[in-house]
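# requesting a structural model of the entry that follows:
(one chain, ligands or ions: 1)
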Amino acid sequence: MKFFIDTANLDQIKEAQALGVLDGVTTNPSLMAKEGIKGEKAVLNHYKAICEIVDGDVSAEVIATDFEGMVKEGEALAELHPQIVVKIPMIKDGIKALKHFSDKGIKTNCTLVFSAGQALLAAKAGATYVSPFIGRLDDISTDGLQLIEQIRLIYDNYAFETQILAASVRHTMHVVECASIGADVMTGPLSSITGLLKHPLTDNGLAQFLADHAKSNA
Ligand code: G3P
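Predicted coordinates:
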């Protein structure tokens, strides 16, 4: 399973990269705004800076919602750096744009996916990644993980190569459950990755090992 971090914060990206388990980064316009990145030049420079920190794929989202606009923006993003993946919303013109980029060999991430039907369409259009937002589904009392399971089944039935990128991951159990049901990738906050480290028995056990070592070497 690939681990992506869902942030535009360079310090957090560096911290995740330094752990040695990071496979990529996802961003979105809200995450860019949160870091105070505005204006086309600043946005492009920020994506470049992210690509220089990580080795893997970096999703950069288009703002346009019409086909021509998405193609223009997406091509400019893809030219920025070979690690850029063009993030396209799940709308009608988005499907056309996914097909366009897929035909050109440009990687894509279809975002804002909330149903199996949408995921099927994204795969048909040749998306590299599909991003079902599991946390936002859980927020409205539906089961985000069930959607991942359904998409896994559909993609396996037809050997679709589109990778399931579980997005809107909020906590460590989302990560563990996504791994159990076969999501290809998860993207979440740094805490969803570092939280996997935690177990009180590990802490207690290590304290005991160190205390015993210190006693016998005193
Ligand atoms: O990048 C898209 C997605 O991961 C957003 O997550 O927590 O805003 O629902 P969240």
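# find the helix or strand that the residue nearest to Leu120 when sequence neighbours are not counted is a member of.
Nearest non-adjacent residue to Leu120, counting by CB to CB, 6 or more residues apart in numbering: Ile154, 5.8 Å away. (Glycine included, C-beta is placed from N, CA and C.) Using DSSP states H and E, the element containing Ile154 is helix 144-158.
# in that helix, which residues are buried?
Buried positions in helix 144-158, judged by neighbour count with 16 or more other CB atoms under 10 Å: 144-145, 147-152, 154-155.
# and what of stretch 5-15?
5-9, 12-13.
# spatially nearest residue to the residue nearest the centre of the chain, not counting backbone neighbours?
Taking CA atoms, centre = their mean, the centroid of the chain lies closest to Thr187, which sits 3.5 Å from it. For Thr187, ignoring the flanking residues on the chain, the nearest one in space by CB to CB, 6+ apart is Phe4 at 3.8 Å.
# who does the strand or helix carrying that neighbour pair up with?
Assigned by DSSP H and E, Phe4 belongs to strand 2-6. Strand 2-6 sits in its sheet next to strand 24-26 (parallel), strand 185-188 (parallel), going by DSSP bridges.
# where along this structure do the helices fall?
For the chain, applying DSSP state H gives helices covering 10-19, 29-34, 40-53, 67-80, 92-103, 116-124, 134-139, 144-158, 172-180, 190-194, 200-216.
# hmm, back to that, go through the buried residues of helix 144-158 and name the one nearest the ligand.
Among the buried residues of helix 144-158, Gly144 lies closest to the ligand (CB to the nearest ligand atom), at 9.9 Å.
# from what I can see the closest one touches Ser115, true?
No: if you go by CB atoms under 8 Å, Gly144 and Ser115 don't touch, sitting 11.4 Å apart.
# so Arg152 touches Ser180, yeah?
No: assessed by CB under 8 Å, Arg152 is found out of contact with Ser180, at 10.8 Å.
# and the gap between Val176 and Ile148?
Distance, Val176 to Ile148, by CB to CB, to the nearest Å: 13 Å.
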